[in-house]
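K.L.:
The following comprises the amino acid sequence and a computationally predicted model.
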Amino acid sequence: MKHIVTFFLCLLLICLANAQVPNKISYQGLLTTSSGTPVQDGSYDIKFEIFNLPSSGTLRHSETQTGVSVQRGTFSVILGTIVTLTLAFNESLYVEVTAVNGPTGPSYPLTFLPRSELTTAPYAFRADTARYALSAPGNWASNGSDIYYNGGNVGIGTTTPNYNLDVWADDATTNDVTHVVNFVHNTTGTATNGIGVGLQFSAERAIGTQNVGLAYIDGIMTDASNVSSALAFSTRINAGSITEKMRITETGNVGIGTTTPDANAKLDVNGYAFAKAPVVVYDSAAGSGTSFNITWLNDVRLDYNIVEKQGNNYEFIFKKAGWYRISYFLFFETPTSNVAYDVLVFKNGEKYKGVSYFYTGVGGGHINSTVLVQSDGDDVINLVASSEGSHPTFNVLLNRSDLQQLAIEYLGAE
């Protein structure tokens, strides 16, 4: 059966230390079956033939390399190590790959088509010209199977790099993001939840010259079957292990101090947090009687992910378990002096705690207070004003609505 592949080429010049014309090409490819799946892992004998046309044409170079390791379809070889490259590189060239022998199963030889065109990278070292960039080769060096560069900055997409690695993208896009770098983690096994790829940040420590890891930014697959992902941020403290401190989930929720932020909270903080604004703010209130629910009007801010107001305008559902701080300022009207009143917090229809107890004179007065309320989640909370004993009816002054305020803050689970 004829197998067809699409090659992904990475051509890298292997330059001689004395700046002579290079005569080898690093060639990497992906071998797949006709269905698009990678070929079987194993050791292959592969023949590489270079032609001047995408089909037929004149053979310019041929060599067979034995024992080429192929993993998940990918391989990497150095062309020119078996037979010296004598190409002029003054024409288009195409590589044809044939597996002469390999793991049991297929019938050999197998020719992988179509041929792959060599990119323009090799043309930089045309042997018949003096236009090869002689300043660069001496800066590249190899160490076993590794290659490194200590001669300056490396630019991709730019001829004037300003950083150790400076990657540019020049295109016609005017209103969207261009992704210029892609990080991939493939596994030889079966991917499961938790597989991912990340960046590590390291620096030299003050004691000695040892480089130590400082932090990670990791992309994590949270559902390997349906392809959901999260972004995790990890740091180190007091020479301990690098551990995750913050996560953005697949739904955009942010957890700080937790790897599993609450699904109902856009921000879930495990520990102390200082918010710039309460989750609930009202700037007007009403109510009248000897004992009445204080009705809150004109919501300035209301976060329904944390607190939900009922239709009666005086009950609130504290949806998330944890501690809440209720702060209020009220102005009352009363016809009698030295009247005793109090404001109570009711939880699920029962008195939870008293907030304030006060006297007021004829005409009324104001009261402000703060109380902490603990909720198990989905608790119904409301404020009740009442007079003591046989004291008369009193009102929340509607004509002083500018003095009526309510703020509810969620403080966290601890």
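P.N.:
Cool, got the structure.

K.L.:
low-confidence ranges in the stretch 1-150 of the chain?
P.N.:
Applying pLDDT under 70 to the stretch 1-150 of the chain flags residues 1-22, 119-139.

K.L.:
which residues in it form strands?
P.N.:
12-13, 25-30, 42-51, 59-70, 74-79, 94-101, 110-117, 140-143, 146-149 (DSSP state E, counting those that start in this stretch).

K.L.:
could I get those strands as a markdown table with mean neighbour count and distance to residue 324?
P.N.:
Quick note: C-beta positions are derived from backbone N, CA and C, even for glycine. Conversion of those to a markdown table gives the following (neighbours: other C-beta atoms under 10 Å; distance: least, C-beta to C-beta, whole Å):
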| stretch | mean neighbour count | distance to residue 324 |
| --- | --- | --- |
| strand 12-13 | 17 | 61 |
| strand 25-30 | 20 | 57 |
| strand 42-51 | 18 | 63 |
| strand 59-70 | 15 | 61 |
| strand 74-79 | 18 | 56 |
| strand 94-101 | 18 | 67 |
| strand 110-117 | 18 | 64 |
| strand 140-143 | 12 | 60 |
| strand 146-149 | 11 | 57 |
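
K.L.:
Relative to residue 217, which of these is closest?
P.N.:
With C-beta to C-beta as the criterion, residue 217 lies closest to strand 146-149 of the strands of the stretch 1-150 of the chain, at 24.1 Å.

K.L.:
Packing partners of that closest one?
P.N.:
Counting contacts by 3 or more C-beta pairs under 8 Å, 6 or more residues apart in numbering; DSSP states H and E, strand 146-149 packs against strand 140-143.

K.L.:
Residue 332 against residue 342, yeah?
P.N.:
No - using C-beta atoms under 8 Å, residue 332 makes no contact with residue 342, being 11.4 Å away.

K.L.:
can you put the strands of the stretch 1-150 of the chain in a markdown table and add distance to residue 284?
P.N.:
Formatted as a markdown table, these follow (distance: least, C-beta to C-beta, whole Å):
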| stretch | distance to residue 284 |
| --- | --- |
| strand 12-13 | 71 |
| strand 25-30 | 67 |
| strand 42-51 | 77 |
| strand 59-70 | 74 |
| strand 74-79 | 68 |
| strand 94-101 | 77 |
| strand 110-117 | 73 |
| strand 140-143 | 73 |
| strand 146-149 | 68 |
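
K.L.:
Quick check: phi and psi on residue 91?
P.N.:
When read as degrees, to the nearest 10, the backbone of residue 91 gives phi -150, psi 170.

K.L.:
tell me the contacts of it?
P.N.:
residue 52 (C-beta atoms under 8 Å, 6 or more residues apart in numbering).

K.L.:
go again using 10 Å as the cut-off
P.N.:
52-53, 58, 60, 123 (C-beta atoms under 10 Å, 6 or more residues apart in numbering).

K.L.:
for residue 154, same thing?
P.N.:
With C-beta under 10 Å, 6+ apart, residue 154 has these contacts: 139, 161, 163-167.

K.L.:
For the residues you listed, give me CSV that also has secondary structure.
P.N.:
Putting these into CSV (DSSP: H, G, I helix; E, B strand; the rest coil) gives the following:
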residue, secondary structure
139, helix
161, coil
163, coil
164, coil
165, strand
166, strand
167, strand
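
K.L.:
Just among those residues, which is most surrounded?
P.N.:
Highest neighbour count within these, by other C-beta atoms under 10 Å: residue 161, with 16 neighbours.

K.L.:
now that residue: how far from residue 142?
P.N.:
Distance from residue 161 to residue 142, counting by C-beta to C-beta, to the nearest Å: 22 Å.

K.L.:
try residue 408
P.N.:
Residue 408 is 65 Å from residue 142, by C-beta to C-beta.

K.L.:
Of the contacts of residue 154, which one scores lowest on pLDDT?
P.N.:
The member of the contacts of residue 154 with the lowest pLDDT is residue 139, at 63.

K.L.:
residues contacting the spatially most central residue of the chain?
P.N.:
Among the residues of the chain, the one closest to the centroid is residue 231, at 3.0 Å (C-alpha atoms, centre = their mean). Going by C-beta under 10 Å, 6+ apart, residue 231 touches 196, 198, 217-220, 246-250, 254.

K.L.:
Skipping its backbone neighbours, what lies nearest residue 223 in space?
P.N.:
residue 193 (6.3 Å; C-beta to C-beta, 6 or more residues apart in numbering).

K.L.:
meant to ask about residue 233, not that
P.N.:
residue 246 (4.4 Å).

K.L.:
Just the CA coordinates for the helix or strand harbouring the one you found, please, in PDB.
P.N.:
Using DSSP states H and E, residue 246 sits within strand 243-248. C-alpha atoms of strand 243-248 as PDB (Å, rounded to 0.1, in the frame of the first residue of the first chain):
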ATOM      1  CA  THR A 243       4.000  25.300  43.600                       C
ATOM      2  CA  GLU A 244       1.000  26.600  41.900                       C
ATOM      3  CA  LYS A 245      -0.400  29.900  43.300                       C
ATOM      4  CA  MET A 246      -2.900  31.000  40.700                       C
ATOM      5  CA  ARG A 247      -5.000  29.400  38.000                       C
ATOM      6  CA  ILE A 248      -7.300  30.600  35.200                       C
END
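
K.L.:
helices or strands next to that strand in the packing?
P.N.:
Contact here means 3 or more C-beta pairs under 10 Å, 6 or more residues apart in numbering; DSSP states H and E; on that basis strand 243-248 packs against strand 211-223, strand 228-235, strand 254-256.

K.L.:
Report the mean confidence score over it.
P.N.:
Average pLDDT, strand 243-248: 94.

K.L.:
Could you measure from residue 198 over to residue 247?
P.N.:
Distance check for residue 198 against residue 247: by C-beta to C-beta, it reads 13 Å.
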